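[1] How does the following fold in three dimensions:
(2 chains)
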Amino acid sequence: MVARFMSLKEAVASCVKDGDTISMEGFTHLIPHAAGHEIIRQGIKNLTLVRMTPDVIYDQLIGAGCAKKLIFSWGGNPGVGSLHRLRDAYEKSWPTKLEIEEHSHAAMANAYDAGAAGLPCAVFKGYRGAELPRVNPNIKFIECPFTGESLAAVPAIRPDVTVVHAQKANKKGDVLFEGIVGVQKEAVLAAKKSIITVEEIVDDFGDISPNAVMLPNWAVTAIVEVPGGAHPSYAQGYYKRDNAFYKAWDPIARDRETFQAWLEEHVINGGPEDFAAKREANKG
Amino acid sequence: MVEYTPTEMMTVSAARALKNDDVCFVGIGMPSAACNLARLTHAPDITLIYESGTIGTKPDVLPLSIGDGELCETAVNTVAVPEMFRYWLQGGKISVGFLGAAQLDKYGNINTTVIGDYDNPKVRLPGGGGAPEIATSCGEVFLVMKQSKRGFVEKIDFVTSLGHGKGGNDRASYGVDTKGPSRLITDLCIMEPHPVGKQFVVTSIHPGVTREEIIENTGWDVEFADEVAETAIPSEKELQVLRELHARTAKAHGDQQ
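    Numbering: from 1, shown residues only, chains lettered A, B, ... in the order given. As a prediction, the model looks like this:
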């Protein structure tokens, strides 16, 4: 099946269901915020959210009541502080109870890699002397059958849907990522379905390296053009990270009422078309 | 007379720990300032690596997040995150890991997960991120952290990342063959692990700081080396470069941090 071009509304409605396990990746860079807003607008619930760094995108989804479980490895607002909606859900069950499964970055990166590789689990030199294995039953140790060395093992990540943002798709639906590419390729290949929002759809990619990070159209489910769709994250070559927004998020998210007012104004009454102006504002 | 703050003294001392030929995995926050100060002063060829996959990066301003665009634009190359953790970190290609902590014990074990009980925490911290494997896979680990009784405790609430475990050869019992924490730089002093017991021992005190201040700001019984040095004060060049770096960073991030 070749990727289909869709509206964001159609892509989320056709790919994401209540109760799904979804992964929205992007390591600081290319975080699919516009798609996150669409999931909130469509009122999708009981999601298991997987992401190395939950970041502001999952703070929004959790605060909006979309999540029942979070699988993660670093849950802060980088350089700013806590994710207040995440903490409120986990500590006070507001707006709903949130279960957590906590890993290290190495574990999650390996688990995505294993998912893409069709393996049931990832094996790596990790968690040595660390306490997470005591509180997370999904961390186990196995013995290397050749050397006897003890190695950490975690289940592969196999999302129902992976959602990522990329710079470009061409008219055939192939997708190009550049810059900090994180775990996006692994997360897409590990998933049953994928939605990729892009800054622009071009006739062809022009003169790119044959080793550029690309996903061919047959490896992707849905492509949506959303200029600025990563804001307040960034898209290298298009706009910068809106660090001021990440700082502004702290007081917005700290308080339930302020958060709900923000959600109402910018998400419930907003749409993917709002992101283009943010792209313009963060050029430079 | 050169004037400087205790935090500047800490950052400068931390930067001095790095060598020009180091390959350093950089934690966000205090380590990032120290590593870039080293690069902009005595260690221009140092390879700085951030977990976002950027190798050999030379940012003009300190990143707010470990994945800011400038890290990639100024890097020798940028690899996918699984490759970063598998080949470069786990593969043993990195000489120094530079980390901060919320809580620390005298063996350099680090807590960045919770204060209190894991299931019912008093304070839920961000978690381990890259640190659990940085702490065990890098050749050695430098720690930088402001000293306080709350942070420097006899027993940490959660072992996010392994230091010297229970001391002595305990670290090796987990199958870890790297050196572990070899230096702890604070705003008051520098500590290094005892060669046998592995507990931190004060080896250098920053100018103007007393032994009593160090004891008052430490939750374990502080040990001092037989010969304790006085840390050299920051040079005018070190301070100038550090202050310019912070000024550029504040301007770039749109505030007066």
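[2] what sits against B:G92?
    When contacts are counted by C-beta atoms under 8 Å, 6 or more residues apart in numbering or on different chains, B:G92 is found next to B:137, B:139. Backbone N, C-alpha and C define where each C-beta goes, glycine included.
[3] Apologies, that question was intended for B:L18.
    By C-beta under 8 Å, 6+ apart, B:L18 lies in contact with B:24, B:34-35, B:38, B:43, B:46, B:96, B:98, B:142.
[4] cool, and B:G100?
    Counting by C-beta under 8 Å, 6+ apart, B:G100 has contacts B:27-31, B:143-145.
[5] Dump the C-alpha coordinates for the helix or strand containing A:P133 into PDB.
    Using DSSP states H and E, A:P133 sits within helix A:132-135. Once non-C-alpha atoms are left out, helix A:132-135 reads as follows in PDB (Å, rounded to 0.1, in the frame of the first residue of the first chain):
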ATOM      1  CA  LEU A 132      14.600   1.000  37.500                       C
ATOM      2  CA  PRO A 133      14.600  -2.800  37.000                       C
ATOM      3  CA  ARG A 134      13.200  -3.000  40.600                       C
ATOM      4  CA  VAL A 135      10.100  -0.900  39.800                       C
END
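[6] Show me what the next helix or strand after it is packed against.
    Next along the chain after helix A:132-135, taking DSSP H and E as the criterion, comes strand A:140-143. For strand A:140-143, the packing partners by 3 or more C-beta pairs under 8 Å, 6 or more residues apart in numbering or on different chains; DSSP states H and E come out as strand A:150-155.
[7] what about the helices in chain A?
    In chain A, the helices defined using DSSP state H lie at A:8-15, A:33-41, A:55-63, A:84-92, A:105-116, A:132-135, A:184-190, A:243-254, A:256-263, A:275-281.
[8] Check which helices and strands the second one sits against.
    It stands for helix A:33-41. With 3+ C-beta pairs under 8 Å, 6+ apart as the test, helix A:33-41 has helix A:8-15, strand A:21-24, helix A:55-63, strand A:161-170, strand A:193-202 packed against it.
[9] Contacts for it next, please.
    A:8-9, A:11-12, A:16, A:22, A:24, A:47, A:56-58, A:60-61, A:64, A:66, A:163, A:165, A:195, A:197, A:224, A:226, A:228-233, A:263, A:266-268, A:270, A:272, A:275.
[10] Just the buried ones among the contacts of B:G100, please.
    Taking 16 or more other C-beta atoms under 10 Å in any protein chain shown as the criterion, what is buried in the contacts of B:G100 is B:27-31, B:143-145.
[11] Dump these into CSV; add distance to B:P193 as well.
    Listed next are those as CSV, based on distance: C-beta to C-beta, whole Å:
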residue, distance to B:P193
B:G27, 19
B:I28, 24
B:G29, 23
B:M30, 20
B:P31, 18
B:L143, 11
B:V144, 15
B:M145, 15
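[12] same for chain A: which of these are within range?
    Residues of the buried ones among the contacts of B:G100 in contact with chain A (C-beta under 8 Å from any C-beta of the partner chain): B:28-29.
[13] closest to chain A among the buried ones among the contacts of B:G100?
    Nearest to chain A, judged by C-beta to the nearest C-beta, of the buried ones among the contacts of B:G100 is B:I28 at 6.5 Å.
[14] I'd say that closest one and A:G79 touch.
    Yes - using C-beta atoms under 8 Å, B:I28 is in contact with A:G79, at 6.6 Å.
[15] who are the neighbours in contact with the closest residue to chain A within the stretch 1-150 of chain B?
    Across the stretch 1-150 of chain B, no residue is closer to chain A than B:G67, which sits at 2.4 Å (C-beta to the nearest C-beta). Each residue near B:G67 by C-beta under 8 Å, 6+ apart is listed here: A:27-29, A:78, A:180, A:182, B:50, B:52.
[16] one more time with 10 Å
    The contact partners of B:G67, taken as C-beta atoms under 10 Å, 6 or more residues apart in numbering or on different chains, are A:26-31, A:53, A:78, A:179-180, A:182, A:233-234, A:241, B:28, B:50-54, B:78, B:81.
[17] One more: B:L89?
    By C-beta under 10 Å, 6+ apart, the neighbours of B:L89 are A:105-106, A:109, A:125-126, B:25, B:49, B:51, B:83, B:97, B:130, B:133-134, B:136-138.
[18] Same check on B:R243?
    Taking C-beta under 10 Å, 6+ apart, one finds B:4, B:8 in contact with B:R243.
[19] tell me which element it is part of?
    helix B:236-252.
[20] any chance you could map the strands in chain B?
    B:23-26, B:47-50, B:54-55, B:77-78, B:96-99, B:103-104, B:110-111, B:114-116, B:121-124, B:140-144, B:181-185, B:189-193, B:200-205, B:223-230 (DSSP state E).
[21] what bridges to residue 202?
    Here I'm looking at chain A. Beta-bridge pairing of A:V202 under DSSP bridges involves A:N170.
[22] The chain in question should be chain B.
    As assigned using DSSP bridges, the partners bridged with B:V202 are B:M191, B:F224.
[23] Return the helix or strand in chain A with minimum mean pLDDT.
    strand A:213-215 (a mean of 90; mean pLDDT, DSSP states H and E).
[24] Which positions within it qualify as buried?
    For strand A:213-215, the neighbour count (16+ other C-beta under 10 Å) marks A:213-215 as buried.
[25] Mind listing residues that contact it?
    So strand A:213-215 is in contact with A:3, A:164, A:166, A:168-170, A:173-179, A:181, A:184-185, A:188-189, A:194, A:196, A:205, A:208, A:223, B:80, going by C-beta under 10 Å, 6+ apart.
[26] swap the cut-off to 6 Å and go again
    Applying C-beta atoms under 6 Å, 6 or more residues apart in numbering or on different chains, the contact partners of strand A:213-215 are A:174-177, A:181, A:188.
[27] out of those residues, who's nearest B:R211?
    Of all these, A:V181 has the smallest distance to B:R211: 50.2 Å, by C-beta to C-beta.
[28] which residues does the closest one contact?
    Going by C-beta under 6 Å, 6+ apart, the list of residues near A:V181 reads A:213, B:80.
[29] swap the cut-off to 8 Å and go again
    A:27, A:29, A:213, B:53, B:78, B:80-81.
[30] for B:N109, same thing?
    By C-beta under 8 Å, 6+ apart, B:N109 lies in contact with A:129, B:156, B:159, B:161-165.
[31] Serialize those to CSV and add fields for neighbour count, pLDDT and distance to B:R150.
    What follows is those, written out as CSV (neighbours: other C-beta atoms under 10 Å in any protein chain shown; pLDDT from 0 to 100; distance: C-beta to C-beta, whole Å):
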residue, neighbour count, pLDDT, distance to B:R150
A:G129, 23, 98, 23
B:I156, 24, 98, 11
B:V159, 21, 98, 18
B:S161, 31, 98, 19
B:L162, 28, 98, 22
B:G163, 29, 98, 18
B:H164, 27, 98, 21
B:G165, 22, 98, 22
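[32] pLDDT score for residue 39?
    In the absence of a named chain, this looks at chain A. Looking at A:I39, its pLDDT is 98.
[33] let's do chain B instead
    98.
[34] my guess is it meets B:L48, correct?
    Yes - using C-beta under 8 Å, B:R39 is in contact with B:L48, at 6.3 Å.
[35] more crowded one of the two?
    Under the neighbour definition other C-beta atoms under 10 Å in any protein chain shown, B:R39 and B:L48 were set side by side, and B:L48 has more, 26 against 23.
[36] you'd agree the more buried one is up against B:C35?
    Yes - between B:L48 and B:C35 there is a contact under C-beta under 8 Å: 5.4 Å.
[37] intersection of neighbour lists for those two?
    In contact with both B:L48 and B:C35: B:24, B:26, using C-beta under 8 Å, 6+ apart.
[38] Save the helices and strands packed on helix A:33-41 as CSV, and put in mean neighbour count and mean pLDDT too.
    As requested, those are exported to CSV (neighbours: other C-beta atoms under 10 Å in any protein chain shown; pLDDT from 0 to 100):
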stretch, mean neighbour count, mean pLDDT
helix A:8-15, 19, 98
strand A:21-24, 25, 98
helix A:55-63, 26, 98
strand A:161-170, 27, 98
strand A:193-202, 22, 98
